[in-house]
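*Asks:* Okay, sequence plus prediction incoming.
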Amino acid sequence: MEAATDRMPMRVLVFSASHREASLNTRLARLAIEALEATDVEVDAATMADFDCVSYDGDLEASVGIPEPAQEFARRIEGSDGFIICSPEYNSSMPGVLKNAIDWTSRLKPQPFAAAHCLLMSASPSMVGGNRSLWSLRQPLEHLGTRVHPDMFSLAQAHTAFGDDGQLANEQLGGRLRGLVTAWVDVVEATKHYPCAKARWVEFLGEHPEPVLDRVQ
Ligand SMILES: Cc1cc2nc3c(=O)[nH]c(=O)nc-3n(C[C@H](O)[C@H](O)[C@H](O)COP(=O)(O)O)c2cc1C
């Protein structure tokens, strides 16, 4: 796939929701990072450990406040144009550590997931690639107002899917992954930057943008 040459400055947070050293989801996250960099996107690579919080406890929240890892999660979301999570599937759902981090982070005001852009990926040795974890993850994120991309990527039989070079052995699948990441970045870029581009175009034509009337801001 050709690299984009005219991309607006974009920054994407990427992390795998597995703590495991040899995590399949972390390997998948690396491929997502490569795909982002190939399309001129700056990457903020994080780990689940960066956002791992003590179990949610309303009394703790009232007495001590929001834990630092949740505040870090919020800062990293707010410092990015979008985020990608590569999530394992545990018992047909997302890992508890990830849900716990989302719960704590959602207690911040302003609530950082609102209107954020997100792409979901998963990897699992199973035939469905952990896809059910993504459907479970979609629920709290959409509840919080995150714009979760309709298409997702689930790597089936992930324990045999990677070559020695870390790439997907199935080149067609690798192309689909890169295509999905690029398509998502295009959507995020358009959503974030199109109003600005439209304003410039109106000014170029000699008109002055009027936010209320033209709805360009
Ligand atoms: C508690 C637990 C529950 C699991 N449940 C599922 C499951 O429902 N579906 C599935 O595809 N894999 C399941 N697995 C297997 C994981 O997909 C597999 O361990 C995977 O490698 C974890 O992701 P990671 O490699 O990124 O750490 C489960 C693993 C654990 C530890």
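*Replies:* Cool, got the structure.

*Asks:* Read off the pLDDT value for N131.
*Replies:* For N131, the pLDDT comes out at 98.

*Asks:* My understanding was that it contacts A123; is that so?
*Replies:* No. Taking contacts as CB atoms under 8 Å, N131 lies outside contact range of A123: 10.3 Å. Bear in mind the C-beta positions are built from the backbone N, C-alpha and C, glycine included.

*Asks:* Same drill for the two, tell me which one is more crowded.
*Replies:* Taking N131 and A123 together and counting by other CB atoms under 10 Å, A123 has the greater number of neighbours (31 against 19).

*Asks:* Kindly provide the distance from the more buried one to the ligand.
*Replies:* A123 is 6 Å from the ligand, where distance means CB to the nearest ligand atom, to the nearest Å.

*Asks:* Would you mind giving both backbone torsions of that residue?
*Replies:* phi -140, psi 140 (degrees, to the nearest 10).

*Asks:* what pairs with it across the strands?
*Replies:* With beta bridges defined as DSSP bridges, A123 has these partners: L155.

*Asks:* For the protein, give me the ranges with low pLDDT.
*Replies:* For the chain, the stretches with pLDDT under 70 are 1-5, 195-217.

*Asks:* Name the residues contacting each of N131 and A123.
*Replies:* With contacts defined as CB atoms under 8 Å, 6 or more residues apart in numbering, the residues shared by N131 and A123 are S154.

*Asks:* Now do L108: how many residues are near it, please.
*Replies:* The burial metric for L108, expressed as a neighbour count using other CB under 10 Å, is 17.

*Asks:* helix, strand or coil for it?
*Replies:* Here L108 is coil, with the state taken from DSSP: H, G, I helix; E, B strand; the rest coil.
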